[in-house]
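Colleague: this is a predicted model, with the sequence first.
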Amino acid sequence: FYKFIAFEKVHHATKLCEKEAKSIWTVRQFEPCWKGTICYVNPSENQCIKEKAVDKLKDQLDQVDELKITHAAIYKVPLLEDLPSDYGFLYHAFVVFHSSPQSRSGSWWSIEKTFRSLVAQRSKVKEEILDFRDGEKRWETPRGLPRVLIEDSSSMSLQDFLVFLQDSGELNHDYHGMNANCQDFAKKIFNKLALSMSAW
C-alpha cells in the first residue's frame, strides 16, 4: 500500500521551513522527493534552520553540552484526519523527548521523518511540538490528537544523541514507504534513547 501510493496534504500557509500551495488532498504515485536535510524549528523563537549535516546543526544550537535527555516517547497521529478511531497501522509516528540542564527547566523536542526531510522541533511548551509541526496544527479534530504508543526514561546526553543521529546516516536514507518510513525512523530513535532493555 505505502509502496505505491502517498497521501500528501498541501497547505495554503507559509510554514516556518517551506511554502506550499493551496490546501487539498492529493493521492499520487509516490515520487522520491527526499532532500537529505534536517529542518530545526523553534516555534517559541520563530526560528528555522536547515542543514545537510547534523553536526552543522549542532554547532548552531545553544547549550547542547549541558543538556541530558530524561524521558522519551513515540506518539502517533492518523495518516488521514477522518480515519476511524482504531486506525491500525495507518499512522504517522514521531518521537518526543524532554531535555534538561541541572540548573534550569528544560525543553521539549520532537523529531520525525517526512517524505522530504527530518524535522526536529524544540519548545519550552510541550503542546507546541506535540500538536504542531512546522508551525501548523497536525490535525484539527479530537480524533487526530497524538496518542502515546510507548514511553520510557532516558539518560542520554543531547550531544551524544546528535552524534548518533549523524553517524546513523539517516539524512542519506531516502524515504521509503515499506522499509524507511516514519515508523521505522521513530522506532530506531526511541530504541536508542530508551533505558529499558525491552524497547519498541
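Modeller: Thanks, I have the structure now. Everything numeric here is computed off the predicted structure, so don't read it as measured data.

Colleague: from Phe97, how far off is the closest residue to Leu195 other than its chain neighbours?
Modeller: Using C-beta to C-beta, 6 or more residues apart in numbering and skipping the chain neighbours, the partner closest in space to Leu195 is Ser153 (5.1 Å). The C-beta positions use only the backbone N, C-alpha and C, and glycine is treated the same way. With distances taken as C-beta to C-beta, to the nearest Å, Ser153 is found 10 Å from Phe97.

Colleague: overlap in contacts of those two?
Modeller: Counting by C-beta atoms under 8 Å, 6 or more residues apart in numbering, the residues touching both Ser153 and Phe97 are His71, Ala72.

Colleague: so the residue nearest to Leu195 makes contact with His71?
Modeller: Yes: here Ser153 lies in contact with His71, judged by C-beta atoms under 8 Å, at a distance of 5.6 Å.

Colleague: out of these two, name the residue with the larger neighbour count.
Modeller: Using other C-beta atoms under 10 Å, the more surrounded residue of Ser153 and His71 is His71, with 18 against 13.

Colleague: next up, the contacts around the residue at minimal distance from the centre of the chain.
Modeller: Central residue of the chain (C-alpha atoms, centre = their mean): Glu112, 2.1 Å from the mean position. Counting by C-beta under 8 Å, 6+ apart, Glu112 touches His92, Ala93, Phe94, Val95, Leu118, Val119, Arg133, Cys182, Phe185, Ala186.

Colleague: and for Phe97, the neighbour number?
Modeller: There are 25 residues near Phe97, going by other C-beta under 10 Å.

Colleague: phi, psi of Val54?
Modeller: phi -70, psi -40 (degrees, to the nearest 10).

Colleague: from Leu90, how far off is it?
Modeller: Taking C-beta to C-beta, one finds Val54 at 30 Å from Leu90.

Colleague: quick one, which of these two is more surrounded?
Modeller: Val54 (22 against 14).

Colleague: helices along this structure, start to end?
Modeller: For the chain, the helices defined by DSSP state H occupy 54-58, 126-130, 158-167, 182-193.

Colleague: shaky segments in the chain?
Modeller: By pLDDT under 70, the low-scoring segments of the chain are 1-32, 102-104, 197-200.

Colleague: tell me where it has strands.
Modeller: Secondary structure of the chain by DSSP state E: the strands cover 5-10, 13-14, 19-20, 24-29, 38-42, 47-51, 68-78, 91-100, 107-113, 118-123, 132-133, 136-137, 147-153.

Colleague: that older thread, out of the contacts of Glu112, which is most surrounded?
Modeller: Neighbour max across those (other C-beta under 10 Å) = Phe94, 27 neighbours.

Colleague: please look at that residue and Ser110 and confirm they touch.
Modeller: Yes: here Phe94 reaches Ser110: they are 5.5 Å apart, a contact under C-beta under 8 Å.

Colleague: hey, what's in contact with both of those two?
Modeller: Arg133.

Colleague: now do stretch 42-56: distance from first to last residue.
Modeller: 17 Å (C-alpha to C-alpha, to the nearest Å).
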